[in-house]
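Colleague: Pasting the sequence and the predicted model now:
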Amino acid sequence: MYTSMTNRRKFIKKMAMLSAMTAAAAMFPGILFADEQERGIPDGSNLDWKKAPCRFCGVGCGVLIGTENGKAVAVKGDPKSPVNKGLCCVKGYHSIIALYGKDRLTKPLIKKNGQYVETSMKEALDLIASKMKETIKEYGKDAVSIYGSGQWTIPDGYVASKLFKGCIGTNNVEANARLCMATAVTGFLTSFGLDEPMGCYEDIDYADTFVLWGNNMAEMHPVLFSRLLDQRLKKGVKIIDFATRTTRTSMAADRSILFKPQTDLAVANAICYEIVHNGWMNRSFVEEHCNFSKGLTDMGYGLEDGYKFTDKPEKINFEDYKTFLEDYTPEKASKISGVTVKDIKYLAAQFGDPNKKVMSLWCMGMNQHSRGTWMNNLVYNIHLLTGKISEPGNSPFSLTGQPSACGTVREVGTLTHKLPHGVVTNKEHREFAAKIWDVPVENIPSKPTYHTVEMFRALDRGDIRFMWIQVTNPMVSMPKLKRYRDGAKKEGRFIVVSDIYPTPTTDIADVILPSAMWIEREGMYGNSERRTQYFEQMLEPPGEAMSDTMQLIEVAKRMGYEKQFYYKEETHIEEVYNEYRKHHVGKKHNMAPLEVLKSQPGALWPYVDGKSTKWRFNSKYDPACSNGKDFHFYGKPDGKAIIWQRPYEPAAEEPDAEYPFWLGTGRVVEHWHTGSMTRRIPVLHKAMPHGYVELHPEDAKRMQIRNGDSVKLTTRRGEIILPASVDQRGIPAPMQVFVPFFDENMLINDITLDSFCPISKEPDYKKCAVKVEKV
Amino acid sequence: MKKRLGIILLFTLLFIGFIVNWGYSYKKGLEEAYIPIKKESSGPVIYSEKKVFERSQFALEYLNMPVDEAHQRSLNSYYDNRAYPGAPPSIPHFLLEGERGMGGKACLQCHQNGGFVEKFNAYAPVTPHPEMINCKQCHVAQNSSSNFRETTFYKSITASVGSNSALPGSPPMIPHQIQMRENCLSCHAGPAAPKEIRVTHPERVNCLQCHVADTRDFVEIQTFVRTKSLKK
């Protein structure tokens, strides 16, 4: 049959269009497009889609990255991922644009006479290795340190720990998760003896009531919050926002309850009082599975250099605990917290109702808290007293903010006191690690050295002379920043910074290494629900950029640890991960094999007999339970969780006549942490171009401050000028101000306070006293 | 005698009862009318954020609504009705309640929740601000099709569909101001929503999670620049 060229061309065109339509339908599963809505949208038919966990927060959404001609060009939610079920937030959808900022670092830079000079990777790595050796020789092992992050992939953190703790022999390994998750860790360890949530995100599908403890989920964990909203539409669940500031979450919630900063301690105790006194306690659960303890009080705030604190737990009985609660009747707690008695009783009734499944969710409000560990304990108390724990829908759930805060910092253990399995103070744990690392056990020091704040203090004092900073931006995120910036700039300090863009942290560097970001390399992240997710290398890193894992391996080899760092370049991620898995062998923490991670959107540990464990400590779901009862809190020697007696204590610095306002800091939906990536994404920058200070409308009116006016904030640490935000994104309570910390041109952390929780050593960014003036 | 006394007593009691009752009602009638004010919530309200979630209780119904193709509005007719993007639309139909019709009794009957109006053979668009009831303060009728004099007013170009995404398939930015229109669902969902901008996923009620504004304050926003740069 004869067909003319024109006809054939038409035919091919038609076919192409048809395939484009199917491709578009495949791109957006579950979404049907009207023709009108498709117009102008590129079809994406020739895209190659590959799965990865999102680069940004700790929710760990599964995303699919569309690549074309070696460039990432599109993102969609992975419908197969049980985390986000195909949905992302605005950051996730635009995440790949962060790969292509014009000022991407592509070559190593070495500071010579105050100027940065381009050099080769080989020369830069040689210099780092020789500088480290030199520093160790001159000042000792504990003068070198590494400061990483919850954005480290699992292999990054693992090789860092192996190099510093196993080979060099110093516990100077810390990560920025100390600034955000350390309190969650100590909360879990003190109450249960094992880190990380017992439940998982699936709890959201079973719960009837959600209590958000100081957690602006609508902006900070939007995809999970959407799952809450979905449940409300489907079955009318209740969302209760318990916070110090009115936010988007308060507006979406069924009930918004405001409390004065730091007084959540009193309210949580009052809830326990109500539970105990109204007969809402699950007696059989408490008798069978809980012990009561108290610890030291009046611990201080860690404001002075070299501050040390070790808690001394002491067993008490139920009657002692009941007597202690007498100080926290709803009436007394109401006086402290400003929450009405009615609201306290309402909250308590949510937990007390035996027919309601309750999920508590929290993040920085409770963790960045000078009594954060206590606050974590108190929320566990509520769930333990009512037995609402470790079963579908009954779940105290600690959220995280970084893609691998759990996976790398908490599980690999890149903190000064930690090993991949266990702690440095335990001889058996050291021996176990040394064996896998193939190093003499004497290499691993038995004493922890510096936690993050103290590490930067040591750098300032000169106890630390060399610091390698990877994937984090402490010169924006450290509290009382000015001291630590000045300290880092002192003579005789050598700072290496591995990053993808110039930041205030690269400004203090002696060597800047360009890193490969996210899908420009291979790796794994671990999210808040114990889910480990793998991503393959999809793109070539720009210029000489190299993964953080490879940077560390190369330096380790140059320092003479070829035997321990035997990994081949092509297969090093696989080799590192398989070695790392050895640390966690056993029913309590087994990690899924790499093939499994490659084939599905992640797996939850403990991964036992080819299955993820969704609810730990519950014998129905957790094969590690061995006491023959319904629940087994096997993290503690006697298999019982601890209900802690923890009182209310004021914050380190409270408002007074001279500094009459509270200052709290936090985040916004558009920007991720210090903004070094999201501010280079035009969509996000346009939506939120700069920092601001939020005031209560009445305070603003009294001081004649209008939206956009310049406002000076002064604390005992310094001053800063910011544009006012009145009646915009959020409304702080009267006599409180709120400032987001993403803007490196308006460094709010210059004036924040470096007080921290004495148990977790995590700074309290939410509370200090400030003076507010119109300028 | 006893009987008579009984009858008198009965009437006396009835009379006293009447007086007391009448007195009580008369006194009540003199009191000021009082409507107890319900306190809504303990905290303050962020108007712009709160409005986003309004109508979200209907989200699942929106999702299941069949599309009535014969009576759809288009973006063109949507903008035809406005003097410029963001201007209050004028009223394209005769006024059912006449010129003196006001808010709740007139316009809101159809425009609060929408629905098919036989008389106009169309679905009533839903107002994003039903709490404002002096409708004709901003929305006026079109009583003539001619002009008094021609104008040189330039009607600026409206944002087109499909051009507000940064990447293929990424959620479009909000290309318009949202003051008075903070409630996304009222214009972007339901049978009266212009077909080009009807949301495919009305059940995702936290709209600003993915869609962010790009005309904030009408200010020209510069690319993010570091104030310091690396000295090379």
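Modeller: Sure, I can see it.
Colleague: contacts, neighbours, all on C-alpha from now
Modeller: Noted.
Colleague: what does the model give the closest residue in space to residue A:60 that isn't next to it in sequence for pLDDT?
Modeller: Spatial nearest neighbour of residue A:60, excluding adjacent residues (Cα to Cα, 6 or more residues apart in numbering or on different chains): residue A:527 at 5.2 Å. pLDDT recorded at residue A:527 is 96.
Colleague: Isn't residue A:527 up against residue A:404?
Modeller: Yes: Residue A:527 is within contact range of residue A:404, at 5.7 Å (criterion: Cα atoms under 8 Å).
Colleague: so what sits against both of these two?
Modeller: Taking Cα atoms under 8 Å, 6 or more residues apart in numbering or on different chains as the contact rule, residue A:527 and residue A:404 both touch residue A:58.
Colleague: More neighbours: which of those two?
Modeller: Counted by other Cα atoms under 10 Å in any protein chain shown, residue A:527 and residue A:404 do not tie: residue A:404 has more neighbours, with 34 against 29.
Colleague: residues touching the more buried one, list them.
Modeller: The contact partners of residue A:404, by Cα under 8 Å, 6+ apart, come to A:58, A:150, A:151, A:152, A:153, A:154, A:525, A:526, A:527.
Colleague: can I get those in JSON lines with secondary structure?
Modeller: Below are the contacts of residue A:404 laid out as JSON lines (DSSP: H, G, I helix; E, B strand; the rest coil):
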{"residue": "A:58", "secondary structure": "coil"}
{"residue": "A:150", "secondary structure": "coil"}
{"residue": "A:151", "secondary structure": "coil"}
{"residue": "A:152", "secondary structure": "coil"}
{"residue": "A:153", "secondary structure": "coil"}
{"residue": "A:154", "secondary structure": "helix"}
{"residue": "A:525", "secondary structure": "strand"}
{"residue": "A:526", "secondary structure": "strand"}
{"residue": "A:527", "secondary structure": "coil"}
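Colleague: Run through the residues that contact the residue of chain A found nearest chain B.
Modeller: In chain A, no residue comes nearer to chain B than residue A:90, which is 4.0 Å away by Cα to the nearest Cα. By Cα under 8 Å, 6+ apart, the residues touching residue A:90 are A:669, A:670, A:684, B:171, B:209, B:210, B:211, B:212.
Colleague: Between those residues, identify the one with the most neighbours.
Modeller: residue A:670 leads the contacts of residue A:90 on contacts (other Cα under 10 Å) with 27 neighbours.
Colleague: Nearest to residue B:99 among the contacts of residue A:404?
Modeller: Using Cα to Cα, residue A:58 is the member of the contacts of residue A:404 that lies nearest residue B:99, at 57.2 Å.
Colleague: can you pull the contacts of the closest one?
Modeller: Residues near residue A:58 by Cα under 8 Å, 6+ apart: A:399, A:400, A:401, A:402, A:403, A:404, A:405, A:527, A:528.
Colleague: Next, give phi and psi for it.
Modeller: The phi/psi pair for residue A:58 (degrees, to the nearest 10) reads phi -80, psi -10.
Colleague: Residue of chain B nearest chain A, please.
Modeller: Closest point on chain B to chain A, by Cα to the nearest Cα, is residue B:210, at 4.0 Å.
Colleague: Now do that residue against residue A:110, distance only.
Modeller: As for residue B:210, its distance to residue A:110 is 40 Å (criterion: Cα to Cα, to the nearest Å).
Colleague: what's around residue 109, how many residues?
Modeller: Just so you know, I chose chain A. Residue neighbour count, defined by other Cα under 10 Å, stands at 25 for residue A:109.
Colleague: that's the wrong chain, I wanted chain B
Modeller: Counted by other Cα under 10 Å, the residues lying close to residue B:109 total 13.
Colleague: Is it part of a helix or strand, or is it coil?
Modeller: Following three-state DSSP, we place residue B:109 in the helix state.
Colleague: Can you give me the pLDDT of residue B:86?
Modeller: pLDDT, residue B:86: 83.
Colleague: In which helix or strand does the nearest residue in space to residue A:228 that is not next to it in sequence reside?
Modeller: The shortest distance from residue A:228 to any non-neighbouring residue, by Cα to Cα, 6+ apart, is to residue A:204 (6.6 Å). Residue A:204 is part of helix A:203-206, with elements assigned from DSSP states H and E.
Colleague: Can you list the buried residues in that helix?
Modeller: A:203, A:204, A:206 (16 or more other Cα atoms under 10 Å in any protein chain shown).
Colleague: what helices or strands is the helix or strand containing residue A:135 leaning on?
Modeller: Assigned by DSSP H and E, residue A:135 falls within helix A:121-139. Using 3 or more Cα pairs under 8 Å, 6 or more residues apart in numbering or on different chains; DSSP states H and E, the elements in contact with helix A:121-139 are strand A:144-148, strand A:511-514, helix A:548-558.
Colleague: residues from the stretch 51-200 of chain A in reach of chain B?
Modeller: Within the stretch 51-200 of chain A, the positions near chain B by Cα under 8 Å from any Cα of the partner chain are A:73-76, A:88-91, A:93-94, A:114-118.
Colleague: of all those, which two lie farthest apart?
Modeller: With distances taken as Cα to Cα, the most widely separated pair in these is A:76 and A:114, at 44.0 Å.
Colleague: ok, and for the helix or strand of chain B at the bottom of the mean pLDDT ranking, which residues are buried?
Modeller: Least confident helix or strand of chain B, by mean pLDDT, DSSP states H and E, is helix B:47-52 with a mean of 86. Residues B:48, B:49, B:50, B:51, B:52 are the ones in helix B:47-52 that count as buried (16+ other Cα under 10 Å).
Colleague: Which residues are in contact with the fourth one?
Modeller: Think residue B:51. B:182, B:183.
Colleague: secondary structure class for the residue nearest to residue A:77 when sequence neighbours are not counted?
Modeller: In space, and not counting its chain neighbours, residue A:77 is closest to residue A:86: 3.9 Å by Cα to Cα, 6+ apart. Counting by three-state DSSP, the backbone at residue A:86 sits in coil.
Colleague: Is it correct that residue A:86 is in contact with residue A:75?
Modeller: No: if you go by Cα under 8 Å, residue A:86 and residue A:75 don't touch, sitting 10.7 Å apart.
Colleague: what sits in contact with each of the two?
Modeller: Shared contacts of residue A:86 and residue A:75, counting by Cα under 8 Å, 6+ apart, come down to residue A:63.
Colleague: out of the two, which sits in the busier spot?
Modeller: More crowded of residue A:86 and residue A:75, by other Cα under 10 Å: residue A:75, with 28 against 20.
Colleague: Between the buried residues of helix B:47-52, which sits nearest residue A:137?
Modeller: Set against residue A:137, the nearest of those by Cα to Cα is residue B:49 (58.7 Å).
Colleague: For the closest one, give me its contacts.
Modeller: Contacts of residue B:49 (Cα under 8 Å, 6+ apart): A:248, A:251, A:729, B:182.
Colleague: Can you select the buried ones from those in PyMOL?
Modeller: In PyMOL, a selection of the buried entries from those looks like this (16+ other Cα under 10 Å):
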select buried, (chain A and resi 248+251) or (chain B and resi 182)
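Colleague: Tell me which helix or strand residue A:380 sits in.
Modeller: Once you assign secondary structure using DSSP H and E, residue A:380 falls within helix A:372-385.
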